[in-house]
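> Let me see the structure of the following:
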Amino acid sequence: MKKLIVGVCVVALTVASAIAQSVPYSVEQRIKKIYSEKYPDNFTMQKVLIEDQLESYRFLQRWSSESGVPQNVFSKIKAVYAQKYPNNYTMQKTLIEDQCASYRFLQSYTPPAGVPYDVFNNLKRKYAAKYPYNFTIQKTLVQDQVQSYLELHR
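The predicted structure follows:
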């Protein structure tokens, strides 16, 4: 019985290790090359940045949906940043998280007292059309316009 338990533990650890190491060799080597060239004499910096990039890569590979964000929107956001930052997985992860948070904010944002509903909706439509799939800039611009409207109409 003890041998069976030990065997199961060894298999579980091997599988867990394989999953944790699921970064393709070519990706890992590319990441290492980038940071060894960028910080040739700073091995601590290389180590920290390489580990962060590898963890971000693994996270992105597992990240298939986001609560409160439609699948088509989430997929488009991921694709935009994968194309824009193909070798910077930490940047992709950070920007996708920010875009998703901004998307959820915009979905629940209602006009504050003093801002007519039609003015508010026009602002949201205008910036959604001008900056599709860039929910962070939409959020920033709508909030700025709302604040300016309130200040002008005191």
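
> wait, what's in contact with the most centrally placed residue in the chain?
In the chain, the residue lying closest to the centroid (CA atoms, centre = their mean) is Ile96, at 2.4 Å. Contact analysis of Ile96 by CB atoms under 8 Å, 6 or more residues apart in numbering lists 60, 63, 77-78, 81. Glycine gets a C-beta too; all of them are placed from N, C-alpha and C.

> where's it, which helix or strand?
helix 89-108 (DSSP states H and E).

> for that helix, which positions count as buried?
89-90, 92-93, 95-96, 99-106 (16 or more other CB atoms under 10 Å).

> if I look at Lys84, how far off is Leu54?
Lys84 sits at a distance of 20 Å from Leu54 (criterion: CB to CB, to the nearest Å).

> higher neighbour count, those two?
Leu54 (20 against 11; other CB atoms under 10 Å).

> Isn't the more buried one up against Val23?
Yes - with contacts counted by CB atoms under 8 Å, Leu54 reaches Val23, the gap being 5.3 Å.

> can you list the residues that contact stretch 26-43?
In contact with stretch 26-43 (CB under 8 Å, 6+ apart) are residues 45-46, 49-50, 53-54, 57, 87, 89.

> Run through who's touching stretch 77-87.
30-31, 34, 60, 63, 69, 91-92, 95-96, 99-100, 103, 133, 135.

> circling back: hmm, which two among the contacts of stretch 26-43 are most spread apart?
Across these, the longest distance by CB to CB is 18.3 Å; it joins Met45 and Tyr57.

> who has more neighbours, these two?
Tyr57 (20 against 12).

> Go through the helix or strand harbouring that one and flag the buried ones.
Using DSSP H and E, the element containing Tyr57 is helix 43-62. For helix 43-62, a neighbour-count test (16+ other CB under 10 Å) marks 46, 49-50, 53-54, 56-58, 60 as buried.
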